[in-house]
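A.B. asks: Here is a sequence together with a model predicted from it:
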Amino acid sequence: MGELRRRHVYRAVGAYIISAWFVVQMADVVLPALFVPAWVVSLLVVLAILGLPVAGLLAWAYDITPEGVVRSGRLRAEASSGRASFSWTGRWIDYVIICGLLGILGWILMTSDSVTDSGRHDTPSIAVLPFSDLSPEQDSAYFSDGIAEAIMDSLAVVPTLQVTARTSSFAYRQAGTDVREVARLLGVDNLLEGSVRRVGNQVRISTRLVDGRSGHHLWSETYEARLDDIFAVQDSISRAVAEVLEVRLTGNGAIERPTRDQIAYDHYLRGRAFLREEPTSDSLAQAIEQFRLALGRDPAFGLAHAGLCTAHWEQYEDTFEVHHVERARATCERARLQNPMRAETQIALSRIHLGTGQFEKALAAMQSALRVDPDNSQAHVGMGLVKEQLGALDEAEAHFLQAIELDPAWWRNYSYLGGFYMETAGNFAAAAEQYEQAIRLEPDSALSHNNLGGALLYQGEFGRAAEAFHEAIKRQHEPSPTTYANAGTSYFLEGRLAEAEVMFRVATERTPTDFRPWAFLAAIVRLQGDREAEADRHDRKAVETARQRLEVNPADDDARAVLVQALARLGRVDEAAAERARLGPLEQLGHHAHRTMALAALALGDQAAARDHYNAAADAGAPMVLLSHDPRLSDLARDPNSRSE
């Protein structure tokens, strides 16, 4: 041992370990970025291990002096003869080596802990990235997505495998990010990526399974097939991935054939791609056309029925045209008859029940969806919306947060949570944070900019709110009437009535069946004076459209409050009183309904009731900055018995 120390073997071996570790780490980072084959890094590791005993032997046989490298025997002879020798290796070198070795040990322990904390080694995890479309016309992205999703769905049923949700995985479609960074961001061990080349009835699918920590390929394969055999190819890929990851597919593991008609399936994938865009009249119309083409070839295609149901309901939410509701109900009923146990069918049914005021039915449908697919983030969003309507706010928030945990890169999940914070919890700053996160994930989302404008409006930042609304309008191919109405509201609260009127006129032109902009437009026209006849025309439209809404959802208190307000302003006092009696319990009204009822009470000359509704609006979460800046409520704001900031 003493001779090993005298010959500095320990010191040389320690220095070698530090240097070799540094070289291997640098190679592991740099070489994959330069597209150097993965085996080169493995070779460097083997060479580093083989070099360790060589370094020890050389340290035993040789030493370094001011005169250069000499044999250790000569150095010992010089020392015994009494000649002074210079030792370049002071004690400080020992300390440096010890610190370096301790640093390596600490790094290994910390990375090991982080791996354990993130769930690695307990249960293997995987993200299926969107497959690239290499078709000559670059027109098959929807088809490539469908293949990746089918494989993901097959792997998702494996209880011993964690599969990241589709939308989070697909957030990296355009990114040129290193696969290890993608794996880190998604919190998974493995990534499945691939490409699809489709020419006529032939398809070529290349797939690669990548280790998310090293970037090394674990498995790759290329499949050539006809479109008629696509489900068999998807099944083969799923089985191969499961085998490499040493997990067992449940049941027979085969991917379920949703239809026997490949052309119908192709139409369904096209329709689903349109449905996942931000909803516009054009995208919804194209989705409906594709779903109908799919059902024309296979009337028993349950998924196409569910997609068509969702598209019709979104048309209603976009236009408030009542005939879309019956179409949505009819197609959802067909989907339910085809396969009631599909999560997609139950989610679509729940949306209709929720939108028509049947909250208990909506709850039952969403519970069914979560029993079928407990890790479906959209089912958790839907359950959050249902619980919010039922007043179970803690449970609602928990479901919104669970949706984000399951699908952290899907921007719309943050929008839903932001809506909960803004409309129900009254936490407008928290809502703005969620909308800003949605914008970071999807900068071109007009909906997110519109929502952010709403959160800023509720905080009294009218100028910034108007800017956000105009950002939304700029990003929309077909600007939403809601965005115009919101921009008009920001101008109205700033006292810019002429500009507010322009915005609300556009909103009524774009969606003439929505009761809300008609009522606001009538109020703005009245405030500008000498235009009572015109204001009455707008109020009559508010009455007509509010009643249409109440035919669909009799529990919509906002619509009924607008109806009472418009009837009161038209002098139809008895009708206003009758509708007022049909309102739900006052303690259950939201702040929008209370604020509107305060205006209705003023129109009816009932100052006390107006003050009660004004105070109730504040108690229900209406921002005082909105109440105090509304010129229609100025008398109530000055009332000493009214809530103040």
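C.D. replies: Looks like it arrived, so ask away. Numbers count the residues shown, from 1 in each chain.
A.B. asks: So which bits of stretch 386-395 are buried?
C.D. replies: Val386, Lys387, Glu388, Ala392 (16 or more other C-beta atoms under 10 Å). For glycine as for every other residue, the C-beta is placed from the backbone atoms N, C-alpha and C.
A.B. asks: Those in helices, which ones?
C.D. replies: Counting by DSSP state H, the part of those found in helices is Val386, Lys387, Glu388.
A.B. asks: Including pLDDT and distance to His353, could those go into JSON lines?
C.D. replies: Formatted as JSON lines, those follow (pLDDT from 0 to 100; distance: C-beta to C-beta, whole Å):
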{"residue": "Val386", "pLDDT": "96", "distance to His353": "9"}
{"residue": "Lys387", "pLDDT": "96", "distance to His353": "14"}
{"residue": "Glu388", "pLDDT": "94", "distance to His353": "14"}
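A.B. asks: Give me the contact list for stretch 364-372.
C.D. replies: Stretch 364-372 is contacted from outside by 340-343, 346-347, 349-350, 353, 376, 379-380, 382-383, 386, using C-beta atoms under 8 Å, 6 or more residues apart in numbering.
A.B. asks: One more pass at 10 Å, please.
C.D. replies: Outside stretch 364-372, the residues that touch it by C-beta atoms under 10 Å, 6 or more residues apart in numbering are 332, 336, 340-354, 358, 376, 378-387, 399.
A.B. asks: next one: stretch 170-190 to chain centre, how far?
C.D. replies: With C-alpha atoms, centre = their mean, to the nearest Å as the basis, stretch 170-190 stands 15 Å off its chain's centre.
A.B. asks: now the strands for this structure?
C.D. replies: Secondary structure of the chain (DSSP state E): strands located at 62-65, 68-71, 125-128, 132-133, 162-163, 190-199, 202-211, 217-226.
A.B. asks: same question for stretch 301-314, mean pLDDT?
C.D. replies: Averaging pLDDT along stretch 301-314 gives 93.
A.B. asks: okay, now the domains of this structure?
C.D. replies: 2-117, 125-257, 259-339, 512-645 (automatic domain parsing).
A.B. asks: most tightly surrounded among the strands of the chain?
C.D. replies: Highest mean neighbour count among the strands of the chain (mean count of other C-beta atoms under 10 Å): strand 125-128, with a mean of 27.
A.B. asks: Show me what that strand is packed up against.
C.D. replies: Judged by 3 or more C-beta pairs under 10 Å, 6 or more residues apart in numbering; DSSP states H and E, strand 125-128 is in contact with helix 141-156, strand 162-163, helix 166-170, helix 179-186, strand 190-199, strand 202-211, helix 230-244.
A.B. asks: Tell me which of those lies nearest to Asn427.
C.D. replies: Closest to Asn427 of the helices and strands packed on strand 125-128 is helix 166-170 (C-beta to C-beta; 25.2 Å).
A.B. asks: which helices and strands sit right next to the closest one?
C.D. replies: Helix 166-170 packs on strand 125-128, helix 141-156, helix 179-186, strand 190-199, helix 377-390, helix 393-406, helix 411-420, going by 3+ C-beta pairs under 10 Å, 6+ apart.
A.B. asks: and the domains of the chain as JSON lines, adding distance to Phe420?
C.D. replies: Output for the domains of the chain, formatted as JSON lines (distance: least, C-beta to C-beta, whole Å):
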{"stretch": "domain 2-117", "distance to Phe420": "29"}
{"stretch": "domain 125-257", "distance to Phe420": "19"}
{"stretch": "domain 259-339", "distance to Phe420": "18"}
{"stretch": "domain 512-645", "distance to Phe420": "12"}
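A.B. asks: What separation is there between Gly357 and Thr280?
C.D. replies: Computed as C-beta to C-beta, to the nearest Å, the Gly357 to Thr280 distance reads 27 Å.
A.B. asks: ok so, going back, mean pLDDT added to the strands of the chain, as CSV?
C.D. replies: Putting these into CSV (pLDDT from 0 to 100) gives the following:
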stretch, mean pLDDT
strand 62-65, 56
strand 68-71, 53
strand 125-128, 87
strand 132-133, 86
strand 162-163, 84
strand 190-199, 88
strand 202-211, 89
strand 217-226, 86
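A.B. asks: I'd like those strands as CSV, with distance to Ala141 appended.
C.D. replies: Shown next, in CSV, are these (distance: least, C-beta to C-beta, whole Å):
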stretch, distance to Ala141
strand 62-65, 62
strand 68-71, 63
strand 125-128, 15
strand 132-133, 5
strand 162-163, 21
strand 190-199, 9
strand 202-211, 14
strand 217-226, 19
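A.B. asks: looking at these, which is closest to Arg475?
C.D. replies: Closest among those, once you apply C-beta to C-beta, is strand 132-133, at 24.6 Å.
A.B. asks: residue nearest the centroid of this structure?
C.D. replies: Nearest to the geometric centre of the chain sits Trp410, at 1.6 Å (C-alpha atoms, centre = their mean).
A.B. asks: Of the helices and strands packed on helix 166-170, flag the one that's most buried.
C.D. replies: The highest mean neighbour count among the helices and strands packed on helix 166-170, using mean count of other C-beta under 10 Å, belongs to strand 125-128: a mean of 27.
A.B. asks: lowest average confidence, helix or strand, in the chain?
C.D. replies: Lowest mean confidence among the helices and strands of the chain (mean pLDDT, DSSP states H and E): helix 72-80, at a mean of 50.
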